[in-house]
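K.L.:
the following comprises the amino acid sequence and a computationally predicted model.
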Amino acid sequence: MAALQELLPASFRGVPFYVPHGSVETGRHAVIHTYPDSNTRYVEDNGLAVADFKFEAWVAGPDALSQMRALEGAFQMPGPGILVHPTHGRRFVQIGKISTKHSDESIGIIKFEVEAHETGPPSWPGLVSGIAASISGLAALDITAAFNAFIAQFPNPFSLGGMTLSVVSGAISSIVSTALSAFSNVAGVQVAAGALLQQPQLITVNPAAFAASLQTLLRSPFDAATVSQTALYNGAVSQVAAAAAVASSAAAITPSTVDLARRQQVLTALGTALTVTSYVNLCEAVAGKTYQTAEQVTADIQAVVAAYEATSLCDMETGQRNDLTTLLSETIEVLHQDQVTLPSIISLSVHDLPASVLAYMLYDSDANTELLVSLNDGKTPLLYSGPVDVLRN
């Protein structure tokens, strides 16, 4: 029984399933050399054979179909993701072939046959989007946990005093305004904004419906193909500031009356959901960004860490906090992989050189002229003189 108790709950991208049996192929990558007319051979050790997993993933119960769709969606998402294997723990894998089985003899049970191949950091740019996809999987789980925790704060419908409802409505309007300012062209944002502005009392009458609209407001830009990565990043930064404002207003309340205590409860719950969501959105946005310099990566690492530290002020369960920490470590790992391959900024002293000429001198072409100009914002690119920031490859 001790061995059974040590088995880990299996999941992929956070979607759980049951593994009745499976196999793992690993060991050493041996290359066998044989020779004509020889009674001997040479077996060359070519390093560790990276693990390949084959297993059955079962979902069961009255909601087996919805579980199947969730798991199938996780398996089909582009790029590698985090597999929690019952015996081998957390592994970063790329899903290969999957097949689905069901039968009349096992009604309510749906079985997947899955191949998963452990992978490492990307060796070429084509895999970077896959790494970002793994961040998206973790982000989706953290967002779901945040809004489930938000709904749990309000188990029954309740009423708010006129002044408190006005304050809460003002906070909601500020959040909506921030979202519309960044993503007014996203249909999901428009619909959710309308619902939240027209019925701010939903937060007390139907917290689940309110949470659904708020989640759509904050997350639908990540599902819209027309939104650029830069816009996602700028929007996430704005959300971080909006969340901090709501959290600060909650902390400033002295709960000396029942109405003030309820006001603080609602704003605290709202601030926590916003703080977590804005942090998660920032992680997902930076994981998909294209960087030109190592300094840009460093600045975004600092921004992500600061957003994570803001979540430390929020009241949440240990498991949820651990998940946010995992997202932080995964995001920083992605950024570090970018950082080590990018040039750094150094300062040179020049005398009467146009930006285009300086670019030719440094990089043998004028392809980086625009970047050179952006690094020296405020200086006339027609003729640089004195200290100039340039890229060191």
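P.N.:
Noted; the coordinates are in hand.
K.L.:
surely Ser278 touches Tyr233?
P.N.:
No. With contact defined as C-beta atoms under 8 Å, Ser278 does not reach Tyr233; the gap is 11.8 Å. Glycine gets a C-beta too; all of them are placed from N, C-alpha and C.
K.L.:
give me the more crowded residue out of those two.
P.N.:
Using other C-beta atoms under 10 Å as the criterion, Ser278 and Tyr233 rank with Ser278 on top: 26 against 20.
K.L.:
buried residues in the helix or strand hosting that one, which are they?
P.N.:
Assigned by DSSP states H and E, Ser278 falls within helix 258-287. By 16 or more other C-beta atoms under 10 Å, the buried positions in helix 258-287 come out as 262-287.
K.L.:
what is the helix or strand harbouring Glu113 packed up against?
P.N.:
Assigned by DSSP H and E, Glu113 belongs to strand 109-118. Judged by 3 or more C-beta pairs under 8 Å, 6 or more residues apart in numbering; DSSP states H and E, the packing partners of strand 109-118 are strand 52-60, helix 64-76, strand 89-101.
K.L.:
and those as a markdown table, adding distance to Asp37, mean pLDDT and mean neighbour count?
P.N.:
Formatted as a markdown table, the helices and strands packed on strand 109-118 follow (distance: least, C-beta to C-beta, whole Å; pLDDT from 0 to 100; neighbours: other C-beta atoms under 10 Å):
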| stretch | distance to Asp37 | mean pLDDT | mean neighbour count |
| --- | --- | --- | --- |
| strand 52-60 | 36 | 92 | 19 |
| helix 64-76 | 50 | 86 | 16 |
| strand 89-101 | 41 | 86 | 15 |
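K.L.:
now these in JSON lines, with distance to Ser312?
P.N.:
Converted to JSON lines, the helices and strands packed on strand 109-118 look like this (distance: least, C-beta to C-beta, whole Å):
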{"stretch": "strand 52-60", "distance to Ser312": "35"}
{"stretch": "helix 64-76", "distance to Ser312": "29"}
{"stretch": "strand 89-101", "distance to Ser312": "23"}
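K.L.:
which one of the ones you listed lies nearest to Gln292?
P.N.:
strand 89-101 (26.8 Å; C-beta to C-beta).
K.L.:
tell me which residues are up against that closest one.
P.N.:
Contact partners of strand 89-101, identified using C-beta atoms under 8 Å, 6 or more residues apart in numbering, comprise 8, 12, 51, 53, 68, 72, 75-76, 79-85, 110-120, 130, 134.
K.L.:
cool, and stretch 9-26?
P.N.:
So stretch 9-26 is in contact with 48-60, 67, 70-71, 73-75, 77, 81-88, 95, 112, 116, 134, 137-138, 140-141, going by C-beta under 8 Å, 6+ apart.
K.L.:
sketch out the low-pLDDT regions of the stretch 151-300 of the chain for me.
P.N.:
Low-confidence segments of the stretch 151-300 of the chain, defined by pLDDT under 70: 156-158.
K.L.:
mind listing the strands for it?
P.N.:
Counting by DSSP state E, counting those that start in this stretch, the stretch 151-300 of the chain has no strands to list.
K.L.:
can you pull the domain assignment for the chain?
P.N.:
2-120, 126-339, 344-392 (automatic domain parsing).
K.L.:
stretch 149-167: end-to-end distance?
P.N.:
Length of stretch 149-167, first residue to last, C-alpha to C-alpha, to the nearest Å: 22 Å.
K.L.:
let the chain start at 159 from now.
P.N.:
Sure, I'll start counting at 159 from here, so that last one is stretch 307-325.
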